[in-house]
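>>> Sequence plus the predicted model coming up.
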Amino acid sequence: MRSVAFGIATICVTLLLPVCQAQTPSPASYVDPLIGTAPNPYTKIGYGFDTGNVFPGAVCPRGLVAWSPDTTHKNQIAGGYWYPDDKIEAFSLTHFSGRGVPCLKEIAFMPVLQVSGTSPGADWKPYVSSFSHKNETASAGYYRVSLDNGIETELTATVRTGMARFTFPAQSAPALVIRVNGSVTADHNEISGHADATTTGKGAPYRLYFTAQFGSPFHELAWSGTSIGGTTVAQGANSGVILIFDAAPHQVVEARVGISYTSAANARENLSTENASGSFDSVRESAKALWNRELGRIEIEGGADARKRVFETALYHCFIHPSVLEDVNGEYLGMDGKVHTVAQGRHQYQNIPAWDEHRSHSPLMAVIAPKESSDVAQSLVNYANQDASVRPDGGGLPRWEQVNTNSGGMVGDGDDSIIADSYAFGAKDFDVKGAWAAMDKGASRPGTTSCGRKVRAGLEDYTAVGYVPKEASVTLEYCNDDFALSQFARAVGDQEKYKTYLSRAQNWKNIFDASTGYIRPRMATGEWTTGPILPSEMKGYVEGSAAQYVWMVNFNMKALVGLLGGNQKTVERLDRFFTQTNAGMKSEFAYMGNEPCEETPWVYDFAGAPARAQAVVRRIQKELFTAAPEGLPGNDDAGSLSSWYVFSALGFYPQIPGVGGFVVGSPVFPKATVHLENGKDVQITGVNASEANCYVQQVKINGKRYDSPWIPWPLLENGGAVEFILGDKPAPWGSDPRQAPPSFD
């Protein structure tokens, strides 16, 4: 990627310009981490699914540390923070951005004015504080809140460390209550130890090591369960330490914390290497610079400030996960339980939710950050190889990788698409042969596992009868995965497997019920599993309904449109489907707050009605993605929904798994420049772009007229210019059936 400088003051010396022109705001200045922390008004599912579940605290791009406030909602919001809450219970060091179920939130710090005589393990309530959003600030790499008790907390981070600045009211006795839930030892101005936890889903145990150093002396009270004091070491599932600072200079206590999933020594080394002595403000500025570097991969110009905040915050969310796993010395704990060292200049990534990220997040990263995308692919190959070394039936790709294990979240075999998409969009710097071996093994051998979990549950029936009995959505996931495999097989020169997987990808036809026009679950004997199908039926569909899943044939839309009665009937059905844009899972209408509907607006392009896609996408953008705390339509799932927005705002979408190319919408901004890592630029111009002008009148690529709503990636991978002429009325551009996006049968 080209080098781009941000935030550097420019001295104007030209006599004709006696006054410096105002600097262009940096990308990070538009980021608002509070977007996605409140319930979206268009969704009425329940607090766990109608909010983004993102966190507002301090994190660096792909950072191991994510230091953020945890509010007190009784049901434990997954991201740790729920905007309607008015109380904070602690500030913990690790968070996952957008997951639908609680996880992480290890090693929690809480500043307090006085220490209760009761152990925090018996009652944490005395240490909770109320707060107001008017006293709260969140930005890229920085978080601040003034609690109602007068204590100000500021947080920032490096990749593997966090830094906090606690400012206490005058005349108070500064203290920190720290919940570890493992083991902690105090020594002079430092505490160290580990937290013991389990992954979500499989519940596999892991250990997070930490070292925390303070700028002021303290004396400590260790606590375990209901016991407090009498020892400098606390141990157990409900344990921690209280630090009481005798004379904090200016009532300010600073804390630096390094963490590691590998060892205590590595946690200390991470801290000494990344955050030994810099001031809080310098660490904060370094974090902002890292964010500007990543966000600068795409530059946007023009448009309303609110839309810029939505876009930059969405792009920010895309760079939080996957997260690095290795320490500064390159060591990480692998899936075989052994310590490995990543190759110099590479990263080993964790927090890879395949079901969520394969649709649009992994293609986006492959386009704008192919080095990191290649490292994600290599990380998956490394995990598969490590698992194969300790399990006779192991060696498959992990479905939802967390820390150093397969947590098994959701369904499908989405890593196939992640790797195939990465390759198709040019991120090829990984062990392609090893990737193909792991992908093929998981998809062809029924007993193959990853960390003891089957890679493809129901594979025997899927290959024998052509579908997974009782599971329509799982069958569809496997069909899309198989299509991605077919494209990867062809790329690596395996023609036989290319034919095999392309043929198997058509298994969706075996569960299409022509009498109802729906893809339905059926028994192994061939009977449908239910009586008359309802569009809102959820039995046999994961987090969605029959009406929502019928469109998930992204690689063969021509065949699906034909089965639905042709272009006109398909458009009519889509029009009804988008009567509502975020109706929830159990509905006959769209639910854009969840991944299964991400591709559906673009089906119009295949049915000869790209103008309808342009209108629906713009409506979704305006209704569901806003510059407010309620501005995400559902769980963001590691940037999955955010990546949908980024692509849609540029005017493209990577519809077909394993194929480098985009269906076409319309750009939000008058100008956007994608800086490719090869030093080339893709310039996207939206002539007349505005909220109302969403309709494409004409497209030019590199100055030449272009009439198809499909743009192959090879046209842009070495740079180029895409010009959209936009208007406020639908136009016939892209509707010629001969110009439709490709389908593969």
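Structure's in. What do you need?

>>> so where is the stretch 151-300 of the chain shaky, pLDDT-wise?
Counting by pLDDT under 70, the stretch 151-300 of the chain contains low-confidence residues at 201-202, 247.

>>> rerun at 90
Counting by pLDDT under 90, the low-confidence segments of the stretch 151-300 of the chain come to 171-173, 187-188, 200-203, 228-234, 236, 246-250.

>>> any idea how far stretch 297-311 is from the chain center?
Taking Cα atoms, centre = their mean, to the nearest Å, one finds stretch 297-311 lying 20 Å from the centre of the chain it belongs to.

>>> Would you agree Lys497 is in contact with Met439?
No: Lys497 lies out of contact with Met439 (Cβ atoms under 8 Å); the separation is 9.8 Å. Placement of C-beta: from N, CA and C, glycine included.

>>> Residues in contact with both of the two, list them for me.
Common neighbours of Lys497 and Met439, using Cβ atoms under 8 Å, 6 or more residues apart in numbering, are Leu485.

>>> These two: which is more packed in?
Regarding Lys497 and Met439, a neighbour count based on other Cβ atoms under 10 Å identifies Met439 as having more, with 30 against 20.

>>> Look up how far His361 lies from Arg520.
29 Å (Cβ to Cβ, to the nearest Å).

>>> Give me the more crowded residue out of those two.
Per other Cβ under 10 Å, whichever of Arg520 and His361 has more neighbours is His361, with 30 against 23.

>>> For that one, give me its contacts.
Neighbouring residues of His361 by Cβ under 8 Å, 6+ apart: 318, 638-640, 643.

>>> how near is Phe578 to Leu534?
For Phe578, the distance to Leu534 (Cβ to Cβ) stands at 19 Å.

>>> Same check on Thr525?
When Cβ to Cβ is the yardstick, Thr525 and Leu534 sit 22 Å from each other.

>>> Between the two, which is the more surrounded one?
Neighbour count, other Cβ under 10 Å: between Thr525 and Leu534, Leu534 has more, with 16 against 7.

>>> hang on, the more buried one in a strand?
No: when the secondary structure is assigned by DSSP: H, G, I helix; E, B strand; the rest coil, Leu534 falls in coil instead of a strand.

>>> That one against Ala546, yeah?
Yes: look at Leu534 against Ala546 with Cβ under 8 Å: they come within range, at 7.0 Å.

>>> How is the protein divided into domains?
For the chain, the structural domains run 31-295, 298-739, going by automatic domain parsing.

>>> Could you dump the ones you listed into JSON lines and include distance to Pro25?
As requested, those are exported to JSON lines (distance: least, Cβ to Cβ, whole Å):
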{"stretch": "domain 31-295", "distance to Pro25": "10"}
{"stretch": "domain 298-739", "distance to Pro25": "8"}
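
>>> Which residue comes closest to Ala234 once chain neighbours are left out?
When the adjacent residues along the chain are set aside, Ala234 lies closest to Ala222, with 3.9 Å between them (Cβ to Cβ, 6 or more residues apart in numbering).

>>> swap in Ala547?
In space, and not counting its chain neighbours, Ala547 is closest to Pro535: 3.8 Å by Cβ to Cβ, 6+ apart.

>>> Read off the pLDDT value for the residue nearest the centre of the chain.
Computing the C-alpha centroid of the chain and ranking residues by Cα atoms, centre = their mean puts Ala638 first, at 1.5 Å. Among the per-residue scores, Ala638 holds a pLDDT of 95.

>>> and Val65, what is it in contact with?
When the contact criterion is Cβ under 8 Å, 6+ apart, the partners of Val65 are 58-59, 93-94, 157-162, 257, 259.

>>> Glu723 against Ala689, yeah?
No: with contact taken as Cβ under 8 Å, Glu723 and Ala689 are classed as non-touching, separated by 11.1 Å.

>>> more crowded one of the two?
Ala689 (23 against 17).

>>> Kindly list the main-chain dihedrals of that one?
phi -60, psi 130 (degrees, to the nearest 10).

>>> Name the nearest residue to it, sequence neighbours excluded.
Nearest residue to Ala689 in three dimensions, chain neighbours excluded: Pro670, at 4.8 Å (Cβ to Cβ, 6+ apart).

>>> pLDDT score assigned to that neighbour?
As predicted, Pro670 sits at a pLDDT of 98.

>>> On the three-state scheme, Gly240 is what?
Under the three-state scheme (three-state DSSP), Gly240 adopts strand.

>>> just Thr37 next, same as before
Here Thr37 is recorded as coil under three-state DSSP.

>>> distance of the closest residue to it other than its chain neighbours from Leu315?
The shortest distance from Thr37 to any residue other than its chain neighbours is 4.2 Å, reached at Tyr83 (Cβ to Cβ, 6+ apart). In this view, Tyr83 and Leu315 are 21 Å apart by Cβ to Cβ.

>>> quick one: which of the two has more around it?
Between Tyr83 and Leu315, Leu315 has the larger neighbour count (other Cβ under 10 Å), namely 27 against 21.

>>> ok but the more buried one is inside a helix, no?
Yes: with three-state DSSP as the criterion, Leu315 is part of a helix.

>>> check contacts around it.
Applying Cβ under 8 Å, 6+ apart to Leu315 gives the contacts 27, 294-295, 298, 642, 646.

>>> what's the answer for Leu564, then?
So, once contact is read as Cβ under 8 Å, 6+ apart, Leu564 ends up touching 517, 570, 573.

>>> my read: the residue nearest to the centre of the chain touches Gly100, true?
No: in terms of Cβ under 8 Å, Ala638 does not count as a neighbour of Gly100; the distance is 10.9 Å.

>>> Low-confidence regions, the stretch 401-550 of the chain specifically.
Counting by pLDDT under 90, the stretch 401-550 of the chain has low-confidence residues at 408-409, 530-533.

>>> now the strands for it?
The residue ranges that make up the strands of the stretch 401-550 of the chain, judged by DSSP state E, counting those that start in this stretch, are 405-406, 449-450, 453-454, 512-513, 518-519.

>>> would CSV of these with mean neighbour count and distance to Pro742 be doable?
CSV is the format used below for the strands of the stretch 401-550 of the chain (neighbours: other Cβ atoms under 10 Å; distance: least, Cβ to Cβ, whole Å):
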stretch, mean neighbour count, distance to Pro742
strand 405-406, 28, 33
strand 449-450, 24, 32
strand 453-454, 18, 33
strand 512-513, 17, 20
strand 518-519, 25, 21
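
>>> Which residue ranges of the stretch 501-650 of the chain form helices?
Taking DSSP state H, counting those that start in this stretch as the test, the helices found in the stretch 501-650 of the chain are 546-549, 557-563, 567-577, 603-606, 610-624, 640-650.

>>> any chance of those helices in a markdown table, plus distance to Gln350 and mean neighbour count?
Shown next, in a markdown table, are the helices of the stretch 501-650 of the chain (distance: least, Cβ to Cβ, whole Å; neighbours: other Cβ atoms under 10 Å):
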| stretch | distance to Gln350 | mean neighbour count |
| --- | --- | --- |
| helix 546-549 | 30 | 26 |
| helix 557-563 | 35 | 20 |
| helix 567-577 | 36 | 17 |
| helix 603-606 | 34 | 28 |
| helix 610-624 | 29 | 22 |
| helix 640-650 | 17 | 27 |
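
>>> Throw the ones you listed into TSV and include distance to Thr211, thanks.
Below are those laid out as TSV (distance: least, Cβ to Cβ, whole Å):
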stretch	distance to Thr211
helix 546-549	47
helix 557-563	54
helix 567-577	53
helix 603-606	52
helix 610-624	42
helix 640-650	33
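
>>> Please name whichever of those is nearest to Gln23.
helix 640-650 (23.7 Å; Cβ to Cβ).

>>> Against Ile620, how distant is Pro610?
In this structure, Pro610 and Ile620 are separated by 15 Å, where distance is defined by Cβ to Cβ.

>>> dump the residue contacts of Thr405.
Residues touching Thr405, when contacts are defined by Cβ under 8 Å, 6+ apart, comprise 199, 202, 204, 206, 335, 398, 451.
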